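S.K.: Predicted model follows, preceded by the sequence.
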Amino acid sequence: MLTLEENHVESNTFAELLEEFEPQRIRAGDYLSGEIIHIEDEFALIDIGAKQEALVPMRDLDQLGEEYLENIAIGDQVPVYVTNVPVVGDNLTVSIQKGLEREDWEKAEKLLESKEILELEVTGYNGGGILVQFSRLQGFVPNSHIPDLRRGGNEQAIKAKMIGTSVPVQVIQVDVYRKRLVLSARAAIAIRRKQRLGELHTGQTLTGTVKNIVDFGAFVDLGAIDGLIHISQLDWTHINHPSEVLSVDDQVNVLVLDVDRERERISLSRKALLPSPWQKFAEEHEVGALLEGTVTNVQDYGVFIQLAEDVVGLLHLSEAELSGVGGSPREMFREGDKVLARLIEIDPQEERVRLSTRRVTYEEYASWATQDWKKDQEEQDPTQQQIAKKMETPQDAVEQDSMVQDAALEETSQAGATLDGMPEVVEEVTQE
C-alpha cells in the first residue's frame, strides 16, 4: 500500500507524462518551429507538434522564391506563423514566409542595439527617401539621412540613380507592430569615416575616384572619406583649372601628404606620383653638358634660366663673370635673353640646377653665337636660306661663314658680353 508521499510523487510523474504526450495548444498568430515532412509544388506539410500536420499553401510557397525552395528538404526545421486553427473540417495552416519575416524583425532589433553597419541594395525611392532590401523586409532611409542629397542637385534624379547600388546603412528604428524599419546612411558613413580616417597616414599611395571638381582642386573619394588634391598638386606643368587633367568619376592614384584627424581633412597629391620633370631632365643631361636657355628672372645674386618646361636653373653671380665686364647681373642680362651655359650641378630631389657661363670656352661660345645669329637672321629674313643655297663654290661658303661669325661676335660685343677674356677662361677650365 502506497503512502501519501509516494502517491503524491506518482501523481506528479503521471501529470508530467500526460503533458509531454498531449499535443500543445496552437493558436492563430503563434510563431513556432516545425519540421518539413512533405513538400511539392502545390503545398508542403510541417510537423509543429499538433494533432495534425500543418499545411503550407501554394501561395505561401510562391512568396519564398526559387532560391529558398531549392535549398530546403524533408527533415529541415523552418520557422512558421500559424494563420488558421481548424474548427471542423478545416486545415491547420501556417506560413513559412511570415515565420522568416519574424526572424528578420528579431535580427533588426539586435542590429538596433549593436549599431552594426550593413550594406543594403537600393530597390526604389519616393518623395521622402529611398527603399532598401533587408532580407525579406523593406527598409526606409529618409532624405535627411542620405548624404548625397546634401550636395545639391535634383533630389529625385540622385535617388533614381541610386537604384541597384549598395549603400552602407545603420538601423535607427524598429517598430514590429507598425512594420516600420528605418535606417540611416548618414550615421553609417559617419562611423566608417572615422574608421577610415584612422587607417590613413602620410606617405600612403592610394587609388580613389574623383567626386567633385572645383576651381582650387579636386575632391577624391578614398572610401568613406574624401581627400583634396589642391590645384598645385595636380600636375608638374602649370594648369589653369583642374578640369584640364581630371574629370568626375576618373580613377586617380594619389599620395597622402597630410592627415588632419581633428578637422577630418586629407591633403593629397597626384603630381608626386607622376614623372618629375627634374628627374627626366637629370636622366637626359649630364654634368658638363652645354645648354641653351632663356633668362626668366634677374636678381643681384644671379640669373634664373629656363632650360626645359618646368625646369629652371640658377646662374650664380660667381659663375657669370666675364672678363672685361663688371657690375651686377642686371647690367649683364635681361629677361628674354638667350644664354649658353654649362651644367655644373643637378639635384632632382631638391629640384636644383646650377649653371656657369664662366666655364664656357671661346670656341664653344663662338660656335653657338654663330649658329644663333644665323637662326635669328633666317627668322627675320627668309631669303637668307635661299642665298646660302646659291653659293657657287665651297670658298664662297667659307667666306660667308666667316662674315656671319664676325657679325655674330660684333653683335655679342655690343650686347655687353665681350669675349676678350675667353682664352683665360679656356685655360681655367683646362686646369679644373
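M.R.: Yep, it's here. The structure presented is a predicted model; accordingly, all values stated were derived computationally and were not measured.
S.K.: center of this structure, which residue is that?
M.R.: Gly208 (1.0 Å; Cα atoms, centre = their mean).
S.K.: tell me which residues in the one helix or strand it maps to are buried?
M.R.: Following DSSP states H and E, the helix or strand that holds Gly208 is strand 205-214. By 16 or more other Cβ atoms under 10 Å, the buried positions in strand 205-214 come out as Leu206, Gly208, Val210, Lys211, Ile213. In this view, the C-beta of every residue, glycine as well, is placed from N, C-alpha and C.
S.K.: Please look at the residue nearest to the centre of the chain and Phe219 and confirm they touch.
M.R.: No - applying Cβ atoms under 8 Å, one finds Gly208 not in contact with Phe219, separated by 9.3 Å.
S.K.: Please enumerate the shared neighbours of those two.
M.R.: Common contacts of Gly208 and Phe219, defined by Cβ atoms under 8 Å, 6 or more residues apart in numbering, comprise Gly227.
S.K.: List of residues touching whichever strand or helix holds Val339?
M.R.: Element membership of Val339, judged by DSSP H and E, is strand 338-347. Strand 338-347 is contacted from outside by 278, 281-282, 285-295, 303, 305, 313, 315, 319, 333, 352-357, 359-360, 364-365, 368-369, 372, using Cβ under 8 Å, 6+ apart.
S.K.: That strand pairs with which strands, parallel or anti?
M.R.: As defined by DSSP bridges, the strand partners of strand 338-347 come to strand 290-299 (antiparallel), strand 352-356 (antiparallel).
S.K.: In contact with Asp226, which residues are there?
M.R.: Lys211, Phe219, Val220, Ile266.
S.K.: now those in CSV, with pLDDT?
M.R.: Below are the contacts of Asp226 laid out as CSV (pLDDT from 0 to 100):
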residue, pLDDT
Lys211, 92
Phe219, 96
Val220, 96
Ile266, 96
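S.K.: quick one: low-confidence ranges for the stretch 51-200 of the chain?
M.R.: Counting by pLDDT under 70, the ranges of the stretch 51-200 of the chain that qualify are 88-89, 151-152.
S.K.: Just the buried subset of the contacts of strand 338-347, please.
M.R.: Buried among the contacts of strand 338-347 (16+ other Cβ under 10 Å): 278, 281-282, 285, 290-291, 293, 295, 303, 305, 313, 315, 319, 333, 353-357, 359-360, 364-365, 368-369, 372.
S.K.: Now do the helices in the stretch 201-350 of the chain.
M.R.: In the stretch 201-350 of the chain, the helices defined using DSSP state H, counting those that start in this stretch lie at 277-284, 329-332.
S.K.: Worst mean pLDDT among the ones you listed?
M.R.: For the helices of the stretch 201-350 of the chain, mean pLDDT drops lowest on helix 329-332, to a mean of 84.
S.K.: I'd like to know which elements it is packed against.
M.R.: strand 290-299, strand 302-308 (3 or more Cβ pairs under 8 Å, 6 or more residues apart in numbering; DSSP states H and E).
S.K.: Could you list the buried residues of the last one?
M.R.: Going back to what we said before, that points to strand 302-308. In strand 302-308, the ones that count as buried by 16+ other Cβ under 10 Å are Gly302, Val303, Phe304, Ile305, Leu307, Ala308.
S.K.: got a list of what the closest residue in space to the third one that isn't next to it in sequence touches?
M.R.: Read that as Phe304. With sequence-adjacent residues excluded and distances taken as Cβ to Cβ, 6 or more residues apart in numbering, Phe304 is closest to Asn297, at 4.1 Å. Contacts of Asn297 were listed using Cβ under 8 Å, 6+ apart, and they are Val303, Phe304, Glu335.
S.K.: The first one and Phe333 touch, don't they?
M.R.: Yes - taking contact to mean Cβ under 8 Å, the distance of 5.0 Å between Val303 and Phe333 places them in contact.
S.K.: quick revisit: of all pairs in the contacts of Asp226, which one is the farthest apart?
M.R.: Largest separation among these by Cβ to Cβ: Lys211 and Ile266, giving 12.9 Å.
S.K.: wait, isn't Ser267 in contact with Leu222?
M.R.: No - using Cβ under 8 Å, Ser267 is not in contact with Leu222; the gap is 11.8 Å.
S.K.: With neighbour numbers in mind, choose between those two.
M.R.: Just comparing Ser267 and Leu222: by other Cβ atoms under 10 Å the higher neighbour count belongs to Leu222, 22 against 18.
S.K.: contacting residues for the more buried one?
M.R.: Applying Cβ under 8 Å, 6+ apart, the residues near Leu222 are Arg196, Leu200, Leu206, Gly208, Ile266.
S.K.: what's the second one sitting at in phi/psi?
M.R.: Dihedral angles phi and psi of Leu200 (degrees, to the nearest 10) take the values phi -90, psi 150.
S.K.: With adjacent residues omitted, what lies nearest to it?
M.R.: Val259 is the one closest to Leu200 (Cβ to Cβ, 6+ apart), at 5.0 Å.
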